[in-house]
Each structure stands twice: as structure tokens, then as C-alpha cells.
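Colleague: my questions concern the predicted model and sequence given below.
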Amino acid sequence: MIKNTLYYGDNLEILRHHIADESIDLIYLDPPFNSNRTYNVLFKNESGKESEAQITAFEDTWHWDQVAAKAYNELTTESFPRVSRMIASLYEFIGTNQMMAYLVMMTARLIELYKVLKPTGSLYLHCDPTASHYLKIVLDTIFGPENFLNEITWKRTSSHNDSKRNFSNVNDILLLYSKNSNAYKFYPQHAPYEEEYIKKNFRFIDSDGRHYSSDNLRSPNPRPNLTYEYKGYKPHPNGWTVSIERMEELDRQGRLIFPNTPDGRIRVKKYLDEMPGVVLGNNWDDIPPISSQSSERLGYQTQKPITLLERIIRTSSEEGDIVLDPFCGCGTTIIAAQRLNRKWIGIDITHLSISLLKYRLKTTYSLAEKVDYNVIGEPQDVESAYQLAQSNRYQFEWWALSLINARPVGGKTPKMGKKGKDRGRDGIIYFVDDASLSPKQIIVQVKSGKVKPSEVRDLIGTVANEKAAMGIFITLNPPTRGMIEYAASAGFYHSPGWSKDYPKIQFHTVKDLLDGKGLDQIPPRSLNITFKKSPKLKSDTKEQNLKLPFDE
């Protein structure tokens, strides 16, 4: 039985080696768009304003490099014949540029997503008009054009006043495909009636204030078995639409409207609050984007409204089904799936996203509804932490900060390898512990090597200059006796809320944090306001013989 799981790593490798074929009921993916923009994770500081410190979660551009060229070669020489011809044709038409790199990398992943999808499953690909037409060609090739179900338009924003040379681009596109057009799950959704429709069609009001319409009980076709008189009122020549037993029940419920004349016909009340609404079409303009003031907003720029994901999950899955998001980002798909009693799998290539999602799961659901899940790909011991530090210093830093719920600071990406102006800070923790509710901060530095005396001196100075409460080193190597004594010279921070003294400069090794040690030297997490919390919610080895639709 599949358990809720978060995977850190390249989704292509995880799909190939960790997700079983035909095991997923619903896939939603919102990959980086090829729009030449860089998205950032923007955190809120204690005043609610956007922090100057930004973490570039991923570069939203794709480049034709050796990785893309290798993927292209594999697709043209080792993939399914129809895929090989399709990608070669696109290459001839588009050439070696960012768009082609994007399509090559997406094609490889969409093939694997097709494999892991159940025959009854569906896939929603969220994209924008920059690449949606190319992606549809790719999806038609992999899934088969007969399994294309819808191109859904989601109005994600209002018109832009600065659009001078073209129409404002206000829509995203969702491409919906099934694995098998004869077997997929689909449960129609409904939108509320418009006010004018209600005024016109539900203009009557019952004694209890309920709006209703007056509908006839005439059968559309002759029904001799339902042709009977009721309380002296004759039916239409076609008969009634209900049996005598149902007619009596409607009468007991006070839902029948009797005519004023003997030759009139009985009608029935249909209440507005019992109607499902208008069947939803493929133009979704009723789900607004997340506003800057929304309690749902986490500061993750590509974050989607949870109502959007809930609509998708309700439409194309059932309770207990497995939902997969291979680009899970800040985890809205995961939160929605958990809320709707689905199993879920999330994959992301940055420890930053995994850390944010773990925190979101913790704060979204109460202790009584604690979410049970696995995390695969994160270091579980000191040895694997060393390996992460050697392979990617910044991914190690993000992961290490997550061990104490510290917010990353500065502009760094694993891809770019650049360090921003962090002013001697790798991370920061905000907390409150007195009656004034004035936020205090803890400055955090992550060290994968030995800590030098000058670095301890610098952290002491940074804590003083920033008027911070404390400073913390997270280290792979245990601090020397001299370092501990040097740190002790900084004294203590006295917490008025807990009447306790905390060492002003602290060392926490990765080993101790993995073992759960030393956390009592940090103000209790119940007072930790480092990350913006989500609003509380309640829970409403690979086979290679699988063939694609056009495999020859």
C-alpha cells in the first residue's frame, strides 16, 4: 500500500526508479513555464512586508546545454518511434534554444508520467500560452489525441493597464488528458447560479424564506402506468413524472402547489438550496488568484489557490486515490489532497520546497490530525549529510536550516551558485516571548567545515549589530573546546516569557539535531513565527514493456 511520501530529487529519476507503473490515479503538474522569468520565494518578515532577502527557488528559464542535448539524443534514439519522430520534427522547426530545451526535458518526464498513471487515471498539465501549443503536441504523441479531454482556461489575474501593444495575458492553460478515454474517472463540478438567473427562475419564496421555482409534473412522454388522479386533479395526457407513492411523499413535505381551479394541474416546488448549480465548463473565471492580503498566501510566487487544486482533485479522483505532483513546490496539491482524503506523492528538486512543505503540513493540520508521511532523499545520518554538503553546498544549507525551522536568507541557488548580501546570516528565526509581542530574532549560520575563531567573533558582532536575541551555528563538525569557551563569553539571553536563560551564541551539530538533542536551548517552537503559517484546515523496479498509444 502506497504511503504519503515527499521525495527530494530530480523527478525524472524518481519516476523511473521509485514510482511503480500504473499506480497513480491523478497527476497534476505545474512545471516552470518557459517565460524567461526567475521566480523567487519571498518570505514575510515580522511586519508583514516582503523581506529584502529572496531565495531563488529555480530559474524559470531553460538552456540548450549538454544535459538538454543528451536528453534529446536519448529521445530520438531510444524512445518510442512516434516520440522520436515528433521530437526530431520539433527540433528541426524550433532549433537549439530555450524552448527546445524545455520541450525535451518535459517530453522525457511526460513519458514517465504516462507509465505511472493507472488506466483509469487523468493528467492535468498547468502551463501558459508561451508553450501550451507545443506541449499539446507532445501530449497528443504520448497519450494519443483521442485521450485529450479539455483545454481549460483559468483566469489567474485581471487585465493589466500597462499592456500597450497587445491584449493583456490574464489566463493560464490546463491541458487535461486521460490514460484511457473509455475508462477515466470524471465527476462533473458545479458553479453557483448567477444572480440574474436566480431572480428569474427562483422568484418564489416559501414561508421559511427558501427560494423555489414552480415546475410541472408532466411526463415528457406518454406513461400509462403513471396516469392517475390525485385529490381530484387529473394528470396531463402523458401522465405524471412520479409514482403515486412519491406524489404522496411530496404532499407530506409541503412541496406540491395545487391549482386554484379544478381543471388546473399540480406543480412542484424545486428549492434553490437543493440545486447543484450550473455544470462547470472549461472556462474557469470563478477562482481568483491568491491576493497579497490572503491568509492562504505563503509568499511562494507560483503558489496556486487551494480551491483550484480541490476542484481538480474532486473532478478526477475518489477518496483513497493516489495523487501525484512531480513539481510540488510549496505543496498546494499535497495540502488539497490531504484535505480531501486522498493519498499523495510530492516531488521537488530543492530542499527549500521540501522544508516549506513539511512546515506547511505541520501548521495546517492540528495535532489530533497529524499527517503521516515519509520523506525520501533527505539526509538521515551524518554520513549522508556530508555527501549532500560535498555535492551541493546550498542544498545542504537549506536542509540544515529546516532542522530548526529557520528561514533561509540571501540570494542563492544550487544552479547559479551565487551568494547574496546576507550580512553574515544564512538563516533567521523570529519568535515572541513577552507581553509586548515584539518579535525577536535568532541569526543562524550553517558551516559544513570547521568554524574559525574569527567566524565566532563575527557572529557575536552580527548579533549585536542586528540587535538579535541569539546566534546559532549549525555545524557538521563538533566545535572545539576553545570555540565553545569563546561563544560562552557572549553571555546569555534572558527570556521573560519563560524565565529562562539561553546561551547567546550556540553550536548545534547536525548529528545532535538529527537525534533531537539541543532543541531545548532554542525558545519553544510554539512561539516561533519564522514562517507564515497556513490557515488551519480539516481533512474533508520499473517494467519496460509498457507501450504508448501509437507505439509501432
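Modeller: Nice, thanks for sending it over. Numbering: from 1, shown residues only.
Colleague: so which residues of the stretch 351-500 of the chain form helices?
Modeller: 351-364, 382-391, 393-402, 453-465, 481-488 (DSSP state H, counting those that start in this stretch).
Colleague: can you name the residues that contact the residue positioned nearest the centre of the chain?
Modeller: Compute the mean C-alpha point of the chain, and by CA atoms, centre = their mean the closest residue is T332, 2.4 Å away. Shown in contact with T332 (CB atoms under 8 Å, 6 or more residues apart in numbering): 303-306, 309. Yep, even glycine has a C-beta here, placed from its N, CA and C like the rest.
Colleague: report the contact partners of F33.
Modeller: Contacts of F33 (CB under 8 Å, 6+ apart): 60, 127-128, 130-131.
Colleague: farthest from the middle of the protein: give me that residue.
Modeller: P262 (61.2 Å).
Colleague: out of everything not next to it in sequence, what's closest to it?
Modeller: G232 (6.8 Å; CB to CB, 6 or more residues apart in numbering).
Colleague: could you report the neighbour count for the one you found?
Modeller: 7 (other CB atoms under 10 Å).
Colleague: that one against D263, yeah?
Modeller: No - if you go by CB atoms under 8 Å, G232 and D263 don't touch, sitting 10.6 Å apart.
Colleague: what domains does the record give for this protein?
Modeller: The record, using automatic domain parsing to delimit domains, assigns the chain the ranges 5-188+279-376, 195-274, 386-527.
Colleague: got the ones you listed as TSV, with mean pLDDT columns?
Modeller: Output for the domains of the chain, formatted as TSV (pLDDT from 0 to 100):
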stretch	mean pLDDT
domain 5-188+279-376	87
domain 195-274	93
domain 386-527	84
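Colleague: tell me where the stretch 151-300 of the chain has helices.
Modeller: 195-201, 244-252.
Colleague: quick one: residues contacting the nearest residue to Y197 once chain neighbours are set aside.
Modeller: Nearest in space to Y197, with sequence neighbours left out and distances taken as CB to CB, 6+ apart, is V278 at 8.0 Å. Neighbouring residues of V278 by CB under 8 Å, 6+ apart: 190-193, 197.
Colleague: buried members of the residues you listed into ChimeraX, please.
Modeller: To isolate the buried ones among the contacts of V278 in ChimeraX, judged by 16 or more other CB atoms under 10 Å, type:
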select :191,193
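Colleague: dump the contacts of V278 to JSON lines, plus distance to P119.
Modeller: JSON lines is the format used below for the contacts of V278 (distance: CB to CB, whole Å):
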{"residue": "H190", "distance to P119": "27"}
{"residue": "A191", "distance to P119": "30"}
{"residue": "P192", "distance to P119": "34"}
{"residue": "Y193", "distance to P119": "36"}
{"residue": "Y197", "distance to P119": "39"}
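Colleague: ok, so of the contacts of V278, who is nearest R210?
Modeller: Y193 (14.5 Å; CB to CB).
Colleague: where do the helices sit along the stretch 1-150 of the chain?
Modeller: In the stretch 1-150 of the chain, helices defined by DSSP H, counting those that start in this stretch lie at 11-17, 66-78, 81-94, 98-116, 132-143, listed in chain order.
Colleague: buried deepest among these, which one?
Modeller: Of the helices of the stretch 1-150 of the chain, the one with the most neighbours on average (mean count of other CB atoms under 10 Å) is helix 98-116, at a mean of 22.
Colleague: centre of the chain to it, how far?
Modeller: Remark: helix 98-116 is offset 20 Å from the chain centroid, using CA atoms, centre = their mean, to the nearest Å.
Colleague: can you start the count at 743 instead of 1 from here on
Modeller: Let's use 743 as the start, then, which means that last one is helix 840-858.
Colleague: and it, C-alpha only, in CSV?
Modeller: Below are the C-alpha coordinates for helix 840-858, written out as CSV (Å, rounded to 0.1, in the frame of the first residue of the first chain):
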residue,chain,number,x,y,z
GLN,A,840,15.5,27.6,-24.6
MET,A,841,12.1,26.4,-25.9
MET,A,842,13.5,23.3,-27.4
ALA,A,843,15.4,22.6,-24.1
TYR,A,844,12.1,23.0,-22.2
LEU,A,845,10.2,20.6,-24.5
VAL,A,846,13.0,18.0,-24.5
MET,A,847,13.1,17.9,-20.7
MET,A,848,9.3,17.9,-20.4
THR,A,849,8.9,15.1,-23.0
ALA,A,850,11.2,12.8,-21.0
ARG,A,851,9.1,13.4,-17.9
LEU,A,852,5.7,13.1,-19.5
ILE,A,853,6.7,9.7,-20.9
GLU,A,854,7.4,8.5,-17.3
LEU,A,855,4.2,10.1,-16.0
TYR,A,856,2.2,8.2,-18.6
LYS,A,857,3.8,5.0,-17.4
VAL,A,858,2.9,5.5,-13.7
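Colleague: and it, what does it pack against?
Modeller: With contacts taken as 3 or more CB pairs under 8 Å, 6 or more residues apart in numbering; DSSP states H and E, helix 840-858 sits against helix 753-759, strand 766-771, helix 808-820, helix 823-836, strand 859-869, helix 874-885.
Colleague: please report the distance of R1009 from Y770.
Modeller: 45 Å (CB to CB, to the nearest Å).
Colleague: the two: which is more packed in?
Modeller: Higher neighbour count among R1009 and Y770: Y770, with 26 against 17, using other CB under 10 Å.
Colleague: what is the closest residue to that one other than its chain neighbours paired to in the beta sheet?
Modeller: Nearest residue to Y770, sequence neighbours excluded (CB to CB, 6+ apart): Y866, at 4.7 Å. Counting by DSSP bridges, Y866 forms beta bridges with Y770, L918.
Colleague: distance of the closest residue to P1238 other than its chain neighbours from W1240?
Modeller: Nearest non-adjacent residue to P1238, counting by CB to CB, 6+ apart: D1176, 4.6 Å away. To W1240, D1176 is 10 Å away according to CB to CB.
Colleague: who touches both of these two?
Modeller: What both D1176 and W1240 touch, as defined by CB under 8 Å, 6+ apart, is an empty set.
Colleague: wait, what's in contact with M989?
Modeller: 959, 972, 982, 998, 1008.
Colleague: also P1245?
Modeller: Listed by CB under 8 Å, 6+ apart, the contact partners of P1245 are 1212, 1229-1230, 1232, 1234-1235, 1263.
Colleague: most neighbours of all those residues, which one?
Modeller: M1212 (25 neighbours).
Colleague: ok, now how distant is the residue nearest to Y939 from E936?
Modeller: On the measure of CB to CB, V1020 and E936 end up 8 Å apart.
Colleague: and L1099, by the same measure?
Modeller: L1099 is 37 Å from E936, by CB to CB.
Colleague: the more surrounded of the two?
Modeller: Legend: neighbour count by other CB under 10 Å for L1099 and E936, higher for L1099 (24 against 10).
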